[in-house]
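Q: This is the structure alone, sequence omitted:
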């Protein structure tokens, strides 16, 4: 009863702050990587809103609202499934991008760009939004009130008709069975390539010392790989319980729990709790691994009331920026309709 409100209270602000910080481009990450991380945080935020708030919390604390109407809760279920798929497959897209960036030098220049990242993430969103539309037609009301369907329960045909059974297997294969295999495969290939390149570069440099401490290229790759393995490892750890439970359900044909103390039911509930925990852990991963992200996060935590929307003039263009004014020696703020920049040499007043 308390777990999901805590997840929402922590996860929603964490993902919003992550999106804003990464959007500013001050974390030392490429625009391509930043784009993937922003879309991943956005999908996690959608999971928190659609699944945690509108389903888990609403069912416990507000069971009689309009969200309980059959058409509405069918749409919310579809939205929650789509958000979960996007969260998983955007992680796959990020992992594949890092594999290309590390292992395929010729393809990296063309693939690891913000434009390609936008096309990939847009395609993923379009495909999985389309894939989950049938869920809107998979539910029947639990009961009716004044000829209005209330509640959502899968139709009997969902379990018996061949088309629905096939659709269910496709859905479960796409999330999470295939993604788990792909993440493991891509990480193994990436690690193998990095170890091979490290040995080759060490021979070419002819150094007897640890090449990671002397080679700027390998140091850059090492930081990128730490971020990749942290995100991928977090995904695998939090999804493994769900995968095991799903396999056990299918192997034993177990569908109904006898009581709340049933071990399979406890495992099932625990697996979903871990999945939803994964929607707010990436922010803390970035804070631990990325120094510049951690510095920006500290500013947001220490001075939340000073965060404002500021406007600046860059090469004749007007841009908006969210941040804290009067910071360091390069500060831009609005006063009496004029844009002013304060530098080391004094104050420069720009035209409106």
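A: Now that the structure is in, tell me what you want to look at. Model, not experiment: these values are computed from the prediction. Residues are numbered from 1 along each chain as shown.
Q: residues contacting residue 230?
A: Neighbouring residues of residue 230 by CB atoms under 8 Å, 6 or more residues apart in numbering: 285, 288, 289. All C-beta atoms are positioned from the backbone trio N, CA, C, and that covers glycine.
Q: Got a ChimeraX select line for the buried ones in those?
A: The buried subset of those, as determined by 16 or more other CB atoms under 10 Å, is captured in ChimeraX by this line:
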select :285
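Q: Isn't residue 25 up against residue 33?
A: No: using CB atoms under 8 Å, residue 25 makes no contact with residue 33, being 10.7 Å away.
Q: More neighbours: the two, which one.
A: Neighbours of residue 25 and residue 33, each counted by other CB atoms under 10 Å, are more numerous for residue 33; the result is 22 against 11.
Q: Go ahead and report the secondary structure state at that one.
A: Here residue 33 is recorded as helix under DSSP: H, G, I helix; E, B strand; the rest coil.
Q: oh, and call the first residue 140 from now on, that's how I've got it
A: Done: numbering now begins at 140, and the last item shifts to residue 172.
Q: Which stretches in this structure count as helices?
A: 142-162, 170-186, 197-200, 209-242, 244-250, 253-270, 296-299, 301-311, 317-344, 355-391, 402-416, 421-428, 430-441 (DSSP state H).
Q: any idea of the mean pLDDT for the first one?
A: Taken as a whole, helix 142-162 has an average pLDDT of 93.
Q: Report all helices and strands that it contacts.
A: If contacts are counted by 3 or more CB pairs under 8 Å, 6 or more residues apart in numbering; DSSP states H and E, helix 142-162 sits against helix 170-186, helix 402-416, helix 421-428, helix 430-441.
Q: what's the answer for the fourth one, then?
A: In terms of contacts (3+ CB pairs under 8 Å, 6+ apart), helix 209-242 is packed against helix 170-186, helix 244-250, helix 253-270, strand 278-279, strand 287-289, helix 317-344, helix 355-391.
Q: Quick check: which of these is buried the most?
A: Neighbour counts (mean count of other CB atoms under 10 Å) averaged over each of those peak at helix 170-186, with a mean of 23.
Q: what ranges of the stretch 340-489 of the chain fall below the confidence cut-off?
A: 344-357, 359, 393-397, 442-489 (pLDDT under 70).
Q: rerun that using 50 as the cut-off
A: 347, 349-351, 453, 463-489 (pLDDT under 50).
Q: ok, now how distant is residue 417 from residue 325?
A: Residue 417 sits 18 Å away from residue 325, taking CB to CB, to the nearest Å as the criterion.
Q: likewise residue 167?
A: Using CB to CB, one gets 24 Å for the distance from residue 167 to residue 325.
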